[in-house]
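S.K.: the amino acid sequence is not available; the structure is as follows:
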DNA sequence: GTCTATAGGTGGATAGAC
DNA sequence: GTCTATCCACCTATAGAC
């Protein structure tokens, strides 16, 4: 289909890189033009304004993420495996779209998710709800603790990997490395840990109640 | 001491609000002057540049956070209570300094924590290490699972509350509310959940191994 | 569709009066 | 210490040739 990437794709790709790295205000039209190797004035042929370009860029990446189902969950057998599959899918998504975490968090702090409201609402009705359903199913089968609020549990599960990639510089420093983040091998180990952690928090049958451990 | 807040404090307060809300580039000197009710040119009497002002503002809030110990941990008796105390201290810190999460995350994405490296390193040697020590102590006493990497466990614990406040608009939407975030009562319940979640993930004595739950 | 040239506006920063 | 006035650089956006 797109044998050679069209001019629009070049522009959107460049905009995605720069907006992710520098944010909306710090990124200039001229930078985007240079990064995309097209004339800056050309951006106004395709988009009405910088704001419009930003929205188009954001909608494109959000669309890519949404179409990408969480089918891995259904494929997995057993409650525990479904949870693991979800975490692995989350990791894969963030690894495949390295710009997403920064764009997402910028959209949070810069616009209170104003441009991503619809996408997040769809996520709430899609992937997030599926994770909640898996948790509820596990609770009904007695595998997972019934005292848990499934929505809260889902957020706790998501937060581990999300925070790890968003606060990458801090995590790097906390783990004794540099602000460029932990080395890949260590990240891999954390992601494996995240699966275990989520499962242990979910599983019923703990011999000690939370309040009694000394 | 500071009967009436000095001009510098007015400026730093205004800068803190605006930098947190809008970020470095989107915030102008004139806005800060207006917000602080002082003449914009006056900022250059106290600070060499916008960059210098930003750094002063950031160092001030980081200093406030660092001096604030995690003494609650030592005060608590029992491994479980120490974990709970840590999470509660984290929540209190973020509630008392509502600008901090946004400033922190902006420093991550905008500068890769370049201006916060020292503060984070101190955290790594302070509060974070204390949390790790509590986990190790619990492991040595057989209360907490020995298979856990204490540093990873600490990050998983921290991530829950951190992500909740950073991604507040998304969390609000996922929980069925608006992008202004979940209502206070719901946030309180999540923070209580976060304590339980962390403990259950830590506690040993789960009857099922993670891999065998069906 | 793509480029040149430039208008119009704003931002960071300074000079200098008070 | 605080304010007025202003300079210069740069940014978004447009007009118009090709």
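M.R.: Perfect, I can see it now. On a predicted model such as this, the values are computed, not experimentally measured, just so you know.
S.K.: the helix or strand harbouring residue A:10 and DNA strand D, any residue contact?
M.R.: Assessed by DSSP states H and E, residue A:10 sits inside helix A:7-22. No: judged by C-beta under 7 Å from any atom of the strand, helix A:7-22 and DNA strand D are separated, with a smallest distance of 10.3 Å. Quick note: C-beta positions are derived from backbone N, CA and C, even for glycine.
S.K.: which helices and strands does that helix pack with?
M.R.: For helix A:7-22, the packing partners by 3 or more C-beta pairs under 8 Å, 6 or more residues apart in numbering or on different chains; DSSP states H and E come out as helix A:29-36, helix A:43-46, helix A:50-67, helix A:100-111.
S.K.: which bits of chain A sit near DNA strand C?
M.R.: So chain A meets DNA strand C at A:7, A:38, A:39, A:40, A:41, A:42, A:45 (C-beta under 7 Å from any atom of the strand).
S.K.: mind redoing it with 6 Å?
M.R.: When proximity is defined by C-beta under 6 Å from any atom of the strand, chain A lies next to DNA strand C at A:7, A:38, A:39, A:41, A:42, A:45.
S.K.: what two of the residues you listed have the greatest distance between them?
M.R.: A:7 and A:41 (12.7 Å; C-beta to C-beta).
S.K.: who's more crowded, these two?
M.R.: Using other C-beta atoms under 10 Å in any protein chain shown, the more surrounded residue of residue A:7 and residue A:41 is residue A:7, with 15 against 10.
S.K.: closest point of chain A to DNA strand C, which residue?
M.R.: residue A:39 (2.8 Å; C-beta to the nearest atom of the strand).
S.K.: count the residues that sit near that residue.
M.R.: Count around residue A:39 with other C-beta under 10 Å applied: 11.
S.K.: give me the pLDDT for it.
M.R.: The predicted structure scores residue A:39 at 98 on the pLDDT scale.
S.K.: my read: it touches residue A:33, true?
M.R.: Yes: taking contacts as C-beta atoms under 8 Å, residue A:39 lies within contact range of residue A:33: 6.0 Å.
S.K.: what about the helix-or-strand element of chain A with minimal mean pLDDT and chain B, touching?
M.R.: Every helix and strand in chain A was compared by mean pLDDT, DSSP states H and E; the lowest is helix A:71-75, with a mean of 92. No: using C-beta under 8 Å from any C-beta of the partner chain, helix A:71-75 stays clear of chain B, coming no nearer than 15.4 Å.
S.K.: which strands and helices lie in contact with that helix?
M.R.: Using 3+ C-beta pairs under 8 Å, 6+ apart: helix A:71-75 touches helix A:79-96, helix A:127-140.
S.K.: which one of those helices lies closest to residue B:13?
M.R.: Nearest of the helices and strands packed on helix A:71-75 (C-beta to C-beta): helix A:79-96, 36.1 Å.
S.K.: quick one: contacts of that closest one?
M.R.: Contact with helix A:79-96 is made by A:65, A:68, A:70, A:72-73, A:75-76, A:100-101, A:130-131, A:134-135, A:137-138, A:141, A:143-144, A:157-158, A:160-162, A:165, A:191, A:194-195, A:198-199, A:202-203, B:210-214, as judged by C-beta atoms under 8 Å, 6 or more residues apart in numbering or on different chains.
S.K.: go with 6 Å
M.R.: Helix A:79-96 is contacted from outside by A:70, A:72-73, A:76, A:131, A:134, A:138, A:143, A:161, A:165, A:191, A:194-195, A:198-199, B:213, using C-beta atoms under 6 Å, 6 or more residues apart in numbering or on different chains.
S.K.: then stretch A:98-112?
M.R.: A:16, A:20, A:23, A:113, A:116, A:165-166, B:102, B:105, B:109, B:167, B:169, B:179.
S.K.: let's go with 7 Å and repeat that
M.R.: A:16-17, A:19-20, A:23-24, A:58, A:61, A:65, A:94, A:113, A:115-116, A:165-166, B:23, B:102, B:105-106, B:109, B:166-167, B:169-170, B:179 (C-beta atoms under 7 Å, 6 or more residues apart in numbering or on different chains).
S.K.: for the residues you listed, which PyMOL command selects only the ones that are buried?
M.R.: In PyMOL syntax, the buried subset of the contacts of stretch A:98-112 is picked out as below (16 or more other C-beta atoms under 10 Å in any protein chain shown):
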select buried, (chain A and resi 16+17+19+20+23+24+58+61+65+94+113+115+116+165+166) or (chain B and resi 23+102+105+106+109+166+167+169+170+179)
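S.K.: which residues does residue A:172 contact?
M.R.: A:178, A:179, A:180, A:181, A:182.
S.K.: any of those residues buried? List them.
M.R.: Using 16+ other C-beta under 10 Å, the buried members of those are A:179, A:181, A:182.
S.K.: distance of the last one from chain B?
M.R.: Computed as C-beta to the nearest C-beta, to the nearest Å, the residue A:182 to chain B distance reads 10 Å.
S.K.: dump the helices and strands packed on helix A:7-22 into TSV; add distance to residue B:80 and mean pLDDT as well.
M.R.: Formatted as TSV, those follow (distance: least, C-beta to C-beta, whole Å; pLDDT from 0 to 100):
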stretch	distance to residue B:80	mean pLDDT
helix A:29-36	52	98
helix A:43-46	57	98
helix A:50-67	38	97
helix A:100-111	32	98
